[in-house]
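> Provided below for reference: sequence and predicted model.
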Amino acid sequence: MSDLFEPFRLDGQVALVTGASSGFGRHFGSVLARAGAKVVLAARRTDRVEAACEAIRAEGAEAMAVTMDVTDSASIVAALDDVEQAFGVVTVVVNNAGITIPKPLVDLEDSDWSGVIDTNLNGVAYVTRESARRMIAAGVGGSVVNIASILAQREQKFLTNYAASKAAVVQFTRTAALELAQHDIRVNAICPGYFETDLNRGWLESEEGQAMIRRIPQRRVGDLEDLNGPLLLLASRAGALMTGASLTADGGHVLSSL
């Protein structure tokens, strides 16, 4: 491999991905493993991530599954205890766990609001906090990559709870980066636009979905591989001077005219 690409390697790193059972999270786990990291895939039920772990192991990398509810600090502590016994201290964190409950604001129940905020914002904060505590105690630096959204920058109807949570993640990222820089812990975010997943594939093929795609300057939604570059840049030594940044990957969607 050319020396030019060596800084993007993650050999010797332990990488945690939350919400790793499908979609972005499962893909991120595979990418980090291929870059050399020992990968930890976290979900509320380990049976949902065991198949992904087996696929990573089949390619010759190391992976383990942990049960983690990102809204429960005790669950996070227990999961990271298990990781440290098996792999050591987590040094790369990808806060990917997230949910959406799309409804008009006037129809949102309290539980619809708090459920999204608990997972999308509180979960990011709780996992970052516990991971940072352990990095600091071990005297090692690391990288935290928070998965936000272009809805931190742009508006869409029926997603007030989701948009508020993702905007908060961006500001949390900046403030946590400021605090943790002295410990050589970088905190950055990725703001994806629309990507094709199992959850939205049907809608993207609909008339409404196709109309939305035509409004994207690149006239397409993202493929999961389009996130490989931003992820590895922020997770690795290649982005050593980057902290508090938010990288947008959306085909120019936030630039489209109103």
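Cool, the structure landed.
> C-terminal to the longest strand along the chain, what's the next element?
If you go by DSSP state E, the chain has its longest strand at strand 185-192. Following strand 185-192 in sequence order, the next helix or strand is helix 201-204 (DSSP states H and E).
> just checking, what packs against the longest strand of the chain?
Strand 185-192 sits against helix 123-138, strand 142-147, helix 160-180, helix 228-235, strand 246-249, with contacts defined as 3 or more C-beta pairs under 8 Å, 6 or more residues apart in numbering; DSSP states H and E. For every residue, glycine as well, the C-beta is placed using N, CA and C.
> starting at the chain centroid, how far to the first one?
Okay, so that is helix 123-138. Remark: helix 123-138 is offset 15 Å from the chain centroid, using C-alpha atoms, centre = their mean, to the nearest Å.
> Run through who's touching the longest strand of the chain.
24, 128, 132, 135-136, 141-150, 152-153, 166, 169-170, 173, 176-177, 180, 222, 227, 230-231, 234, 239-240, 242-250 (C-beta atoms under 8 Å, 6 or more residues apart in numbering).
> Now a PyMOL select for only the buried ones of those residues.
Remark: buried members of those, expressed as a PyMOL selection using 16 or more other C-beta atoms under 10 Å:
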select buried, resi 24+128+132+135+136+142+143+144+145+146+147+148+149+150+152+153+166+169+170+173+176+177+180+222+227+230+231+234+239+243+244+245+246+247+248+249+250
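> SS state for residue 64?
strand (DSSP: H, G, I helix; E, B strand; the rest coil).
> Is it bridged to anything, and to what?
Taking DSSP bridges as the rule, residue 64 bridges to residue 40.
> who touches it in this structure?
Residue 64 touches 38, 39, 40, 41, 53, 82, 83, 86, 87, counting by C-beta under 8 Å, 6+ apart.
> tally of neighbours for the fourth one?
Residue neighbour count, defined by other C-beta atoms under 10 Å, stands at 31 for residue 41.
> Over to the first one?
Each residue near residue 38 was counted by other C-beta under 10 Å, and the total is 25.
> before we move on, what about residue 167?
16.
> so what's the residue nearest to it when sequence neighbours are not counted scoring on pLDDT?
With sequence-adjacent residues excluded and distances taken as C-beta to C-beta, 6 or more residues apart in numbering, residue 167 is closest to residue 152, at 4.3 Å. If you check residue 152, the pLDDT there is 96.
> Hmm, residue 162 and residue 152 touching each other?
No. Using C-beta atoms under 8 Å as the test, residue 152 is too far from residue 162 to be in contact (9.9 Å).
> mind showing which ranges of the stretch 101-250 of the chain have poor pLDDT?
For the stretch 101-250 of the chain, applying pLDDT under 70 flags the ranges 199.
> change it to 80
Where the stretch 101-250 of the chain drops to pLDDT under 80, the residues are 198-199.
> so how far is residue 124 from the residue nearest the centre of the chain?
By C-alpha atoms, centre = their mean, the chain has its centre lying nearest to residue 96, at 2.9 Å. Relative to residue 124, residue 96 is positioned 9 Å away (C-beta to C-beta, to the nearest Å).
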